[in-house]
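Peer 1: Need coordinates for the below:
(one chain, ligands or ions: 2)
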Amino acid sequence: MKTVSTTPFEDQKPGTSGLRKKVPVFQQPNYVENFIQSVFDSLEDFTGQTLVIGGDGRFYNREVIQKAIKMAAANGFGRLLVGQGGILSTPAASNVIRKNRAFGGLILSASHNPGGPNEDFGIKYNIGNGGPAPEKVTEAIYARTRVIDSYKICETPDVDLDRIGRVEVGGMDVEVIDPVADYAALMEELFDFRAIKAMIAGGFSLTFDAMHAVTGPYAQEILERRLGAPAGSVRNFVPLEDFGGHHPDPNLVHARELYELMMSAEAPDFGAASDGDGDRNLIIGRGIFVTPSDSLAMLAANAHLAPAYASGLKGIARSMPTSRAADRVAEKLGVELYETPTGWKFFGNLLDAGMVTICGEESAGTGSDHVREKDGLWAVLLWLNILAKRGESVQAIAEGHWKEFGRNYYARHDYEDVASDAANSLITELREKLDRLAGTSSKGLVITTADDFSYLDPVDGSTSANQGIRILFEGGSRIVYRLSGTGTSGATLRVYIERFEPDAAKHDVATGEALADLIAAADEIAGIRAKTGRDKPSVIT
Ligand code: VG1
Ligand code: CO
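Peer 2: Numbers count the residues shown, from 1 in each chain. Ligands and ions are numbered 1, 2, ... in the order given. Next up is the predicted model:
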């Protein structure tokens, strides 16, 4: 064991989901070591305890895992569990932490961002409940990174990550585990595998695109081996360090091929995809894309059809920018709806306290109290379970849902890689005029309220301010503005636009059309064009 002296880096502030930077930033001498030591220095009483490590297999994953193992041993952890090949999807890592009563875990991923020598990497710390560290922990980690002057590491040989089994590193037990087994077993407990299997045997067809990211081995085991989907139902199933040069982002832009298949005459009954680290999901029925916000609402309304949720939901939580479709379901079910800031870390307390069962975000994240992360394959399996029980198509279920609850037309416009100064001044100027907006109108729409979202956690009483600017209009339409906390270059402005339409006769309008006046108002109110120089968003989801 040796102690190495070091000097702080100024830029190690964790964002929405851990520390994310370009690979060359992480490759600076001591950069990874500083951050990991700062994590350990911010924790208490872990001597002899268990740490879990896994990642999405992207470029630099293995190198960081070797450093983390040697540092965990030097810092006094007693046992370390690591996925074979360095692989653990984010939800699987959450499950391993919980199942083994680990002290916590390090998850190495930059999620849906591209991978490779000049692309993105990330490190996130999860606590013993299996969920992302709450803000008070990430703030302590950041404070530590600013003053750190040394780190501890064992000078031991690298661990063979490809061989399942147990070895010893500097007095710590290291177990290389099967990354899929425990997760697949958990899914089998939650869902009616027999019903899904029978549906597939009866001719129901599906395509799952793993996007050359972490879910390939999970999806092959669960969908093909356990549920009997024909070989080839899971595409792009080999995890690659650079995701084949693509963005492993399951949206209509980056999962274009899947989308086109689902809109074609050859479309299978069901299409889905997941992201780099396996926590996001894309759901497309034959001829119909289900927005993540709608998917949350539809899953919540039908969850009782799956064994794990047969006794009903305790409550539903959604991030603030997520559409309010789920609110109507909560109302009907007679359960509480919680609105949290963006990022899964805010759901942890509600789940731990047994106040909610299902959570979701507009960014293609849905999950439940089975783990403490969002879970892409879980959402796919819950959809399949519902389809098997209802015996209807995705389209019929979606249309029936809108008829019953009304439809929340919804889109997110992202302006990526905008100059940070321009993005910050846009938000600052909006903030300054918030008090004067109520009662005024834009593009014929009357503003009823304008505020900056602040969250009071009902469990621990903590407050998180400045979480996004909300402009509410008469009739229930809404525009939300916030800056991304996961980007690695420049700033990303996200504009979330929503209109509620109760009239079933108006439920088959194209989204862009249904939102046209709000989109124009979003620009007028914030001056997006003028301040960013962009005349259209980089991505619309
Ligand atoms: C984005 C999404 C947010 C999600 C986060 C992490 O954050 O908007 O909903 O929780 O990514 O997802 P931001 O700050 O860029 O808007 V993942 O799949 O990257 O772990
Ligand atoms: Co992700």
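Peer 1: Helices along the stretch 201-350 of the chain, start to end?
Peer 2: Using DSSP state H, counting those that start in this stretch, the helices of the stretch 201-350 of the chain run over residues 215-219, 256-263, 292-302, 325-333, 348-352.
Peer 1: Pick the most buried one from these.
Peer 2: Burial of the helices of the stretch 201-350 of the chain is given as mean neighbour count (mean count of other CB atoms under 10 Å); helix 215-219 ranks first at a mean of 28. Yep, even glycine has a C-beta here, placed from its N, CA and C like the rest.
Peer 1: what's in contact with that helix?
Peer 2: 87, 89, 92, 179-180, 183-184, 208, 210, 234, 236-239, 274, 278, 376-377 (CB atoms under 8 Å, 6 or more residues apart in numbering).
Peer 1: at 6 Å what do you get?
Peer 2: Residues outside helix 215-219 that contact it (CB atoms under 6 Å, 6 or more residues apart in numbering) are Val180, Phe208, Ala210, Val234, Phe237, Val238, Pro239, Ser274, Gly278, Leu377.
Peer 1: How far off centre is that helix?
Peer 2: 17 Å (CA atoms, centre = their mean, to the nearest Å).
Peer 1: Residue numbering should commence at 884 henceforth.
Peer 2: Let's use 884 as the start, then, which means that last one is helix 1098-1102.
Peer 1: Dump it to PDB, restricted to CA.
Peer 2: The C-alpha coordinates for helix 1098-1102 follow below in PDB (Å, rounded to 0.1, in the frame of the first residue of the first chain):
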ATOM      1  CA  THR A1098     -27.900  -4.500 -22.400                       C
ATOM      2  CA  GLY A1099     -26.900  -7.000 -25.200                       C
ATOM      3  CA  PRO A1100     -26.000  -9.900 -22.900                       C
ATOM      4  CA  TYR A1101     -29.000  -9.100 -20.600                       C
ATOM      5  CA  ALA A1102     -31.500  -8.900 -23.400                       C
END
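Peer 1: So whichever residue of the stretch 884-1033 of the chain sits closest to ligand 2 versus Lys1215, what's the distance?
Peer 2: Going by CB to the ion, ligand 2 is nearest to Ser994 of the stretch 884-1033 of the chain, at 3.2 Å. The gap separating Ser994 from Lys1215 is 33 Å, by CB to CB, to the nearest Å.
Peer 1: which residues of the stretch 1034-1183 of the chain fall in strands?
Peer 2: 1048-1052, 1055-1060, 1089-1092, 1117-1118, 1153-1157, 1164-1168, 1171-1173 (DSSP state E, counting those that start in this stretch).
Peer 1: Quick one: closest of the ones you listed to Ser1367.
Peer 2: strand 1164-1168 (19.2 Å; CB to CB).
Peer 1: Can you list the helices and strands that the closest one packs against?
Peer 2: strand 1153-1157, helix 1259-1273 (3 or more CB pairs under 6 Å, 6 or more residues apart in numbering; DSSP states H and E).
Peer 1: can you list the residues of the chain near ligand 1?
Peer 2: 899-900, 994-995, 1158, 1162-1163, 1202, 1225-1227, 1244, 1246, 1248, 1367-1369, 1377 (CB under 6 Å from any ligand atom).
Peer 1: make it 8 Å
Peer 2: Residues of the chain lying close to ligand 1 (CB under 8 Å from any ligand atom) are 898-901, 973, 992-996, 1007, 1158-1160, 1162-1163, 1202, 1204, 1225-1227, 1244-1248, 1257, 1365-1370, 1375, 1377.
Peer 1: can you tell me which of the helices of the stretch 1084-1233 of the chain comes nearest to ligand 2?
Peer 2: Nearest of the helices of the stretch 1084-1233 of the chain (CB to the ion): helix 1098-1102, 10.4 Å.
Peer 1: Any part of the closest one near ligand 2?
Peer 2: No - Helix 1098-1102 stays clear of ligand 2 (CB under 5 Å from the ion), getting no nearer than 10.4 Å.
Peer 1: Kindly report the domain assignment for this structure.
Peer 2: Per the record, the chain has its domains at 885-1060, 1065-1288, 1290-1423, by automatic domain parsing.
Peer 1: now those domains in a markdown table, with mean pLDDT?
Peer 2: Supplementary listing: those in a markdown table, determined by pLDDT from 0 to 100:
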| stretch | mean pLDDT |
| --- | --- |
| domain 885-1060 | 98 |
| domain 1065-1288 | 98 |
| domain 1290-1423 | 96 |
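Peer 1: thinking again about what came up before, if you tally nearby residues, what's the number for the residue of the stretch 884-1033 of the chain closest to ligand 2?
Peer 2: 27 (other CB atoms under 10 Å).
Peer 1: Mind giving me the PyMOL select for the residues of the chain next to ligand 1, buried ones only?
Peer 2: A single PyMOL command selects the buried members of the residues of the chain next to ligand 1 (16 or more other CB atoms under 10 Å):
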select buried, resi 898+899+900+901+973+992+993+994+995+996+1007+1158+1159+1160+1162+1163+1202+1204+1225+1226+1227+1244+1245+1246+1247+1248+1257+1365+1366+1367+1369+1370+1375+1377
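Peer 1: Take the residues of the chain next to ligand 1 and keep only those in strands.
Peer 2: With DSSP state E as the criterion, strands contain Lys1007, Ser1202, Glu1244, Gly1248, Arg1365, Leu1366, Thr1375, Arg1377 from among the residues of the chain next to ligand 1.
Peer 1: measure the fourth one to ligand 2 for me?
Peer 2: As defined by CB to the ion, to the nearest Å, Gly1248 lies at a distance of 7 Å from ligand 2.
Peer 1: how near is Arg1139 to Leu1165?
Peer 2: 11 Å.
Peer 1: do Ile1411 as well
Peer 2: 26 Å.
Peer 1: So what pairs up with Glu1219 in the strands?
Peer 2: Assessed by DSSP bridges, Glu1219 has beta-bridge partners Gly1198.
Peer 1: Identify the bridge partners of the nearest residue to Arg1049 once chain neighbours are set aside.
Peer 2: Spatial nearest neighbour of Arg1049, excluding adjacent residues (CB to CB, 6 or more residues apart in numbering): Glu1058 at 5.0 Å. Beta-bridge partners recorded for Glu1058 (DSSP bridges): Leu964, Arg1049.
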